[in-house]
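> A predicted structure for the sequence below; I have some questions about it.
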Amino acid sequence: MGKIFGILVLLGVPLSVVGSLLHWPTMLMFVIYCITIIALSSYMGRATESLAIVAGPRIGGLLNATFGNAVELIISIFALQAGLIEVVLASLTGSVLGNLLLVAGLSFFLGGIKFKRQVFNEHDARHNSGLLMFAVIVAFVIPEIFSMGMNESDTLTLSIGISIVLIALYLAALFFKLVTHRGVYAGNKENSETAHEEEPEWSKGKAILILLLATAAVAYVSESLVHTFETVGETLGWSELFIGVIIVAIVGNAAEHASAIIMAVKNKMDVAVEIAVGSTLQIAMFVAPVLVLLSLLFPEPMPLVFTVPELISMASAVLLAIIISNDGETNWFEGLTLLAAYAIMGIGFYLL
């Protein structure tokens, strides 16, 4: 599989540059850009997996989520610059749904087929549950409710205030996990022993270098990808909402998708759950508020106000993920339940 992605990167990056300069057909370039970003994301996933073996499941999962979300952040910044605010908000929704339902669902399902019962750190699961409830249900629903009686200026001010609070709490959560309470809640022994036995694919220096180079290449391709959205939507009859929720979210989070599934199949559930849930928290508590603040630099600022279908979908995904993961163990049927929820929501967004 690694060789296939290597070939795709070697072909995709030059084709992206040449096709952009020679103005090849938009639909063709859309496919090339998407495949190239997914192939580059696989290298990001492999690099962070190597770092996870060295640094441990928490830091490894955080690194994977951070560099995976870097792709999403880069695409969103270019979309904001192009004035595609609906696409950005939809892609944030898609990231939450994709990580909690698609990534976690596939991880639990494929891991559960190989192992009848998989366990992970239930203390981390409960800690993350509280943050998920706060980030998605409190911080996303409240602006929608309050903005109903506000003008645009006040709505934007409310969004800025909430964004600052979210970023502060996210940094505090990292400090809690990685500094003050690091090692207080022991992880799954099985996973820890497996991690110690496994050798990283790449050295620490090589993994960091590959991460930086892949992120830079993704930044270049992402800028071109954003300019194809309007034509692709008109050609295929896709709405901006569907492009953001499904297409941008899947392409933007390809690194986490691959890494979490690989970890689950290897029975490293602490890392798999940390990637899926940690990435969701990072999107909701860091990426979304950072985009709100960055949008102030562009002609059209972005308030943190989602549509009702987006809010209900995210709240449902959070509640379902919490109910399934709070006991610290999972199986293939719970994974299938999450995938079924994602399929239902995907159909709904397609038909909107």
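Received it, and whenever you're ready, just let me know what you need. The shown structure was predicted, so the numbers you read here are calculated from the model rather than taken from an experiment.
> All the strands of this structure, in order from the start?
118-119, 329-330 (DSSP state E).
> May I see those strands arranged in a markdown table, with distance to residue 87 as well?
C-beta here means a position set from N, CA and C on the backbone, and glycine is covered the same way. Formatted as a markdown table, these follow (distance: least, C-beta to C-beta, whole Å):
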| stretch | distance to residue 87 |
| --- | --- |
| strand 118-119 | 36 |
| strand 329-330 | 33 |
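> which one of the ones you listed lies closest to residue 47?
strand 118-119 (24.8 Å; C-beta to C-beta).
> From the rest of the structure, what touches the closest one?
Residues from elsewhere that reach strand 118-119, judged by C-beta atoms under 8 Å, 6 or more residues apart in numbering: 108, 111-112, 188, 190, 264, 267, 269, 328-331.
> For residue 40, see how far away residue 34 is.
Taken as C-beta to C-beta, to the nearest Å, the spacing of residue 34 relative to residue 40 amounts to 11 Å.
> Which one of those two is surrounded by more residues?
Set residue 34 next to residue 40 and count neighbours by other C-beta atoms under 10 Å: residue 40 wins out with 28 against 20.
> so the more buried one sits right up against residue 216, yeah?
No. Using C-beta atoms under 8 Å, residue 40 is not in contact with residue 216; the gap is 9.6 Å.
> Now do the contacts for residue 204.
Each residue near residue 204 by C-beta under 8 Å, 6+ apart is listed here: 50-51, 54.
> hmm, try it at 10 Å
Taking C-beta atoms under 10 Å, 6 or more residues apart in numbering as the contact definition, residue 204 lies against 47, 50-51, 53-55.
> Need the pLDDT of it.
pLDDT, residue 204: 82.
> same deal with the one 10 residues further on?
The predicted structure scores residue 214 at 86 on the pLDDT scale.
> Give me the pLDDT for residue 31.
Confidence at residue 31, expressed as pLDDT, is 92.
> overlap in contacts of residue 34 and residue 40?
Common neighbours of residue 34 and residue 40 (criterion: C-beta under 10 Å, 6+ apart): 12, 221, 254.
> Quick one: the residues you listed as CSV, columns for neighbour count and distance to residue 309 too.
Below are the shared contacts of residue 34 and residue 40 laid out as CSV (neighbours: other C-beta atoms under 10 Å; distance: C-beta to C-beta, whole Å):
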residue, neighbour count, distance to residue 309
12, 23, 34
221, 23, 30
254, 24, 24
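> okay, who's weakest in these by pLDDT?
Among the shared contacts of residue 34 and residue 40, residue 254 has the lowest pLDDT, at 70.
> Name all residues that make contact with that one.
Counting by C-beta under 10 Å, 6+ apart, residue 254 touches 34, 37-42, 44-45, 68, 71-72, 98, 218.
> Rounded mean pLDDT for stretch 130-138, please.
For stretch 130-138, mean pLDDT is 87.
> from the middle of its chain, how far away would that stretch be?
Remark: stretch 130-138 is offset 16 Å from the chain centroid, using C-alpha atoms, centre = their mean, to the nearest Å.
> And for it, what's in contact with it?
The contact list for stretch 130-138, computed with C-beta under 10 Å, 6+ apart, reads 93, 96, 100, 128, 139-140, 162, 165-166, 169-170, 173, 277-278, 280-286, 288-289, 306, 311, 314-315, 317-319, 321-322, 325.
> Would you write a PyMOL line that selects the buried entries of the residues you listed?
A single PyMOL command selects the buried members of these (16 or more other C-beta atoms under 10 Å):
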select buried, resi 93+96+100+128+139+140+162+166+169+170+173+277+278+280+281+282+283+284+285+286+288+289+306+311+314+315+317+318+319+321+322+325
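> Looking at the closest residue to residue 292 other than its chain neighbours now. What's its pLDDT?
Nearest residue to residue 292 in three dimensions, chain neighbours excluded: residue 163, at 4.4 Å (C-beta to C-beta, 6 or more residues apart in numbering). Per-residue confidence at residue 163 stands at 94 (pLDDT).
> what's the answer for residue 185, then?
For residue 185, the model assigns a pLDDT of 61.
> Counting neighbours, which bits of stretch 300-312 end up buried?
In stretch 300-312, counting by 16+ other C-beta under 10 Å, buried: 301-306, 310-311.
> before we move on, what about stretch 63-83?
By neighbour count on 16+ other C-beta under 10 Å, the buried set for stretch 63-83 is 63-82.
> Just the ones of those in helices?
63-81 (DSSP state H).
> Please name the residues that touch residue 174.
58, 62, 278, 281-282, 285-286.
> Identify each buried residue in the longest helix seen in the chain, please.
Taking DSSP H as the assignment, the helix of the chain that covers the most residues is helix 26-55. Residues of helix 26-55 classed as buried: 26, 29-30, 32-53, 55 (neighbour count, 16+ other C-beta under 10 Å).
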